[in-house]
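1. next one to model:
(chains A, B, C and D)
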There are 2 protein chains.
Amino acid sequence: MSAQPLDSSEHRSGALLDHLARRMRLRSESVLAPLGLRPRHLVALTVLRAGGGTGQQALATILEMDSTNIVGLLNDLEAKQLIERRRSPEDRRRHVVELTEDGAKRLSEAECALAGAEDEVLGALDPAERETLYELLSRASTGTAVSCTEAICVADDTC
Amino acid sequence: MSAQPLDSSEHRSGALLDHLARRMRLRSESVLAPLGLRPRHLVALTVLRAGGGTGQQALATILEMDSTNIVGLLNDLEAKQLIERRRSPEDRRRHVVELTEDGAKRLSEAECALAGAEDEVLGALDPAERETLYELLSRASTGTAVSCTEAICVADDTC
DNA sequence: TAAATAGTTGGTGCCTCACGAACGATCCCT
DNA sequence: AGGGATCGTTCGTGAGGCACCAACTATTTA
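-> Numbers count the residues shown, from 1 in each chain, chains lettered A, B, ... in the order given. Below is the predicted model of the structure:
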């Protein structure tokens, strides 16, 4: 076990994160439906935009999803031509996944469409605070994804 | 409609929220299992601590869950004596739900136990940033009014 | 008295997702 | 060249979350 510091403020964000994510997701579903997307598609696209050019295995690690379910997810996105699977020239077993132009555009559209949903859920925060929140979430999301262990970056990825 | 400037920076937190919540939840499940809790129990307890004394209908609205599913959730928590259902004296149809002492204690324990999980997920943020994140999430979650000034703030000796 | 409301119970069905098994293609090592 | 490991793919299975419907009790309100 780790040492127990007498931290007076036991402020765990987990439950709040869960709560807000749920509220956001419920609204996102209806907003994204006309765009042919689901919340989890948006998560994948966002991750891909942040650190594109990853193999599907790495993507499974980042999203912490089973790799077999990644396939279906990417099939959806590829069918809509929002992502591309290209075989890696270095290792032809690998599929390098990247956003297409359409994908980036659709992601942007989705983000615009989600403005209303975010207004509802994050209504208590002013724009500056929302930007701070975004920045923190973004750093937390990409930081852990890129820097965690050395095992992920087997090859010379964009790490 | 809205006067949102269409900058190149359409910073929507929804997907990031979803992503991080998932990663946190995956870790929370195994951590909370020994305590007999599940992530969604923790969400309910957290909400109850923030604004206790609500009816179940109100709780369903806050958590945005179907009220029939709220019943089962509260049954779990009441069976463990972490919450109490009392009939409201004003309207005897209503069940006023509140944390018990055991509930507050268990919640604190859970939050302590989640330190490791949070370290993994929010590893890219330093303590000050995590506190900022918590504060933003907390404000967003409880709406605008954080009348926490008079709240009990039990978390001092339990850790 | 009649209608509306809060909670409870039971049941149904859909969707997500983790997990296992099998397969082709490819790399890597000896 | 051969054998084992790895990446991606497909299929199936099962557990669990959750929305929804229907019926019922207790209580408030018009």
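2. now residue A:46. Nearest residue, chain neighbours left out?
-> Using Cβ to Cβ, 6 or more residues apart in numbering or on different chains and skipping the chain neighbours, the partner closest in space to residue A:46 is residue B:15 (4.1 Å). Quick note: C-beta positions are derived from backbone N, CA and C, even for glycine.
3. residues contacting the one you found?
-> Neighbour list for residue B:15: A:39, A:42-43, A:45-46 [criterion: Cβ atoms under 8 Å, 6 or more residues apart in numbering or on different chains].
4. tell me which helix or strand it sits in.
-> Using DSSP states H and E, the element containing residue B:15 is helix B:14-32.
5. and that helix, anywhere near DNA strand D?
-> No - if you take Cβ under 7 Å from any atom of the strand as the test, helix B:14-32 misses DNA strand D, and the best it gets is 8.7 Å.
6. relative orientation of the helix or strand following that helix and helix A:14-32 in degrees?
-> Next in sequence after helix B:14-32, counting helices and strands by DSSP H and E, comes helix B:39-50. Angle, helix B:39-50 to helix A:14-32, by axes from the mean of the first three to the mean of the last three Cα atoms, to 10 degrees: 110 degrees.
7. before we move on, the earlier item: then the helix holding residue B:15 to CSV, C-alphas only?
-> Taking Å, rounded to 0.1, in the frame of the first residue of the first chain, the C-alpha atoms of helix B:14-32 are listed here in CSV:
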residue,chain,number,x,y,z
GLY,B,14,-17.8,16.5,-23.9
ALA,B,15,-15.6,13.9,-25.5
LEU,B,16,-12.8,14.5,-23.1
LEU,B,17,-15.2,14.3,-20.2
ASP,B,18,-16.4,11.0,-21.6
HIS,B,19,-13.0,9.6,-22.1
LEU,B,20,-11.6,10.5,-18.7
ALA,B,21,-14.8,9.4,-17.0
ARG,B,22,-14.5,6.0,-18.6
ARG,B,23,-10.9,5.6,-17.6
MET,B,24,-11.6,6.6,-14.1
ARG,B,25,-14.6,4.3,-13.9
LEU,B,26,-12.7,1.3,-15.1
ARG,B,27,-10.2,1.7,-12.3
SER,B,28,-12.9,2.7,-9.7
GLU,B,29,-14.8,-0.5,-10.2
SER,B,30,-12.0,-2.7,-8.9
VAL,B,31,-11.1,-0.3,-6.2
LEU,B,32,-14.6,0.1,-4.9
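8. for it, buried residues please.
-> B:14-25, B:27-28, B:31-32 (16 or more other Cβ atoms under 10 Å in any protein chain shown).
9. cool, stretch A:43-57 as well?
-> Those would be A:43-48, A:50-52, A:54-56, for stretch A:43-57 by 16+ other Cβ under 10 Å.
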